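Novice: can't give you the sequence, but here's the structure:
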């Protein structure tokens, strides 16, 4: 039996049932104990809930961004991408698997028309959009039926954002793509060959981050300017809130800047790789390796 056939049979068995929640505790270092301490890869906030996803089919939710509840999932490897739109959460990961939920507590999975790993997700123009390995881009208006779009690239796409009436995707070899509708994509010159791992928007500015301390900014996602980060580690994600941009990366690296130009290192009180950061409800939440979760109300002091 093929892996896809096995997953399909498992879906038939599990789909009618709600996914149970498991309470989590904290260890002596205040790291949230997710049983086997999986690497958390993405975090987002919507509809009065925080949701984080990661390795070992991890999905966990939280009302306050500090104490999370992990949900018991039995299928389908690591989860890399998360977005919310309309009334539905969409989470994507390995083997073209997608989980959906309308309440962040009960999750059901489906298969995309691809086996490529999904690494980024966004919602805009009433459309859910996923990007992943091999330049894969998929769109859906109902989070159930998905169309494969032509990206014009075969490199891995790692993240995507919707802002200023357009989707902007980033990936390997400095790849940046833009689209007004999720269907027609245009390659943009980033000025770098470094892998770009994260893309965000705030205060009328797009910010992309990546390997070797790469930070790029653009007002329109077309013309990009390199900024000096003064770090050499890989940077993975960026968020804007409380009047500052925050960038996170490997080895617990955390930077902030009010203008996305002059970056100041901040103490995340961890040396573990940070994979994603989000701002909402007056709080920054950063997640990463060994189930690390860090919080800040201003992007400067972290706990």
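Specialist: In hand now; what should we look at? Remember, it's a predicted structure, so these values are computed and weren't measured experimentally.
Novice: Roughly how far does the most centrally placed residue in the chain sit from residue 269?
Specialist: The residue lying closest to the centre of the chain (C-alpha atoms, centre = their mean) is residue 42, at 4.0 Å. Residue 42 sits 21 Å away from residue 269, going by C-beta to C-beta, to the nearest Å. From N, CA and C alone the C-beta is placed, and that goes for glycine too.
Novice: and if you look at residue 60?
Specialist: The value you get for residue 60 to residue 269, if C-beta to C-beta is used, is 21 Å.
Novice: Name the residue in those two with the higher neighbour count.
Specialist: residue 60 (26 against 14; other C-beta atoms under 10 Å).
Novice: just to revisit the earlier point, check which helix or strand covers the residue nearest to the centre of the chain.
Specialist: strand 40-46 (DSSP states H and E).
Novice: quick one: strands adjacent to that strand?
Specialist: Strand 40-46 has the following strand partners under DSSP bridges: strand 49-54 (antiparallel).
Novice: Can you name the element that comes right after the partner strand?
Specialist: Criterion used, DSSP H and E; the element after strand 49-54 is strand 58-62.
Novice: and that following strand, which strands flank it?
Specialist: strand 49-54 (antiparallel), strand 69-71 (antiparallel).
Novice: ok, residues contacting the first one?
Specialist: Applying C-beta atoms under 8 Å, 6 or more residues apart in numbering, the contact partners of strand 49-54 are 38-45, 58-65, 68, 78-82, 84, 89, 91, 93, 104, 275-276, 278, 280, 285, 287, 291, 293.
Novice: Give me the buried entries from the residues you listed.
Specialist: With neighbours counted by 16 or more other C-beta atoms under 10 Å, those contain buried members at 38-45, 58-62, 65, 68, 78-82, 84, 89, 91, 93, 104, 275-276, 278, 280, 285, 287, 291, 293.
Novice: about what we covered before: which of the strands paired with strand 58-62 has the lowest mean pLDDT?
Specialist: Mean pLDDT per stretch puts strand 69-71 lowest among the strands paired with strand 58-62, at a mean of 90.
Novice: Which helix or strand lies directly C-terminal to it?
Specialist: Heading C-terminal from strand 69-71 (DSSP H and E), you reach strand 79-85.
Novice: The helix or strand following that next one to strand 79-85, inter-axis angle?
Specialist: Next along the chain after strand 79-85, taking DSSP H and E as the criterion, comes strand 88-93. Relative orientation of strand 88-93 versus strand 79-85 (axes from the mean of the first three to the mean of the last three C-alpha atoms, to 10 degrees): 160 degrees.
Novice: neighbours around residue 53, how many?
Specialist: Residue 53 has 27 nearby residues by other C-beta under 10 Å.
Novice: ok, now residue 232?
Specialist: So residue 232, with other C-beta under 10 Å, has 10 neighbours.
Novice: Can you tell me the SS state at it?
Specialist: coil (DSSP: H, G, I helix; E, B strand; the rest coil).
Novice: That one against residue 212, yeah?
Specialist: Yes. Proximity of residue 232 to residue 212 meets the contact threshold set by C-beta atoms under 8 Å, at 5.9 Å.
Novice: From residue 142, how far off is the nearest residue to residue 47 once chain neighbours are set aside?
Specialist: Of all residues not flanking residue 47 in the chain, residue 84 sits nearest, at 6.4 Å (C-beta to C-beta, 6 or more residues apart in numbering). Residue 84 sits 14 Å away from residue 142, going by C-beta to C-beta.
Novice: do the same with residue 243
Specialist: On the measure of C-beta to C-beta, residue 243 and residue 142 end up 37 Å apart.
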